[in-house]
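Visitor: Let me see the structure of the following:
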Amino acid sequence: MKTGIPLHPARPATPLPALRSVRLLDQVRERIRYLHYSIRTEDAYVHWVKAFIFFHDRRHPGELGGPEVEAFLSWQANERNVAVSTHRQALSALLFLYQKVLGMNLPWMALPPGHRCARDGEHFGVELLHIISPARVVELVRRR
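Guide: Residues are numbered from 1 along each chain as shown. As a prediction, this is how the structure comes out:
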């Protein structure tokens, strides 16, 4: 059944307005409210942005890049053993920070269009997992 809704909507023609706030966390809150995200999303995103900043010794995210984001997310997954949903929430918060607040694209955010997932009409870059066949797994296990 066709609904007439495109799978990957085009980005809005008008850019986001300039931020009025000076402080970074206030800018995050301002942008979230402008885009009509829920208050719970605002609280979660501000939490993850703070955690990211403190993880990197209070350095401004504008000075940081892809390797620092990957280090933070890897630490969350490997050292803190956070759930997948928690890891995704942290990733979404940092993507929001870099794309919508700082206006920056991280190197791995520029994946081909077929390798993106859509959420609420916006495109978020995600790292793809390498999927191998069961036969290849057996072959790799036998080598050991």
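Visitor: List the buried residues of stretch 52-63.
Guide: Neighbour-count burial for stretch 52-63 flags 52-53, 56, 61 (criterion: 16 or more other CB atoms under 10 Å). Backbone N, C-alpha and C define where each C-beta goes, glycine included.
Visitor: tell me which of those residues is nearest to residue 15?
Guide: residue 61 (20.2 Å; CB to CB).
Visitor: What score does that closest one have for pLDDT?
Guide: Looking at residue 61, its pLDDT reads 94.
Visitor: May I ask which helix or strand of the chain has the lowest mean pLDDT?
Guide: strand 116-119 (a mean of 41; mean pLDDT, DSSP states H and E).
Visitor: tell me what the top helix by length along the chain is packed against?
Guide: When the chain is parsed with DSSP state H, its longest helix is helix 39-55. For helix 39-55, the elements it packs on are helix 24-34, helix 66-78, helix 84-96, judged by 3 or more CB pairs under 8 Å, 6 or more residues apart in numbering; DSSP states H and E.
Visitor: To residue 16, which of those lies closest?
Guide: Nearest of the helices and strands packed on helix 39-55 (CB to CB): helix 24-34, 7.1 Å.
Visitor: Please identify the buried residues of the closest one?
Guide: Within helix 24-34, the residues that qualify as buried by neighbour count (16+ other CB under 10 Å) are 24, 27-32.
Visitor: still on that earlier bit, TSV for the helices and strands packed on helix 39-55, including distance to residue 140?
Guide: Converted to TSV, the helices and strands packed on helix 39-55 look like this (distance: least, CB to CB, whole Å):
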stretch	distance to residue 140
helix 24-34	43
helix 66-78	22
helix 84-96	24
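Visitor: what's the closest of the ones you listed to residue 44?
Guide: helix 84-96 (5.9 Å).
Visitor: what residues are up against the closest residue to residue 30 other than its chain neighbours?
Guide: Closest residue to residue 30 apart from its sequence neighbours, by CB to CB, 6 or more residues apart in numbering: residue 21 at 5.0 Å. If you count contacts by CB atoms under 8 Å, 6 or more residues apart in numbering, residue 21 has them with 27, 29-30.
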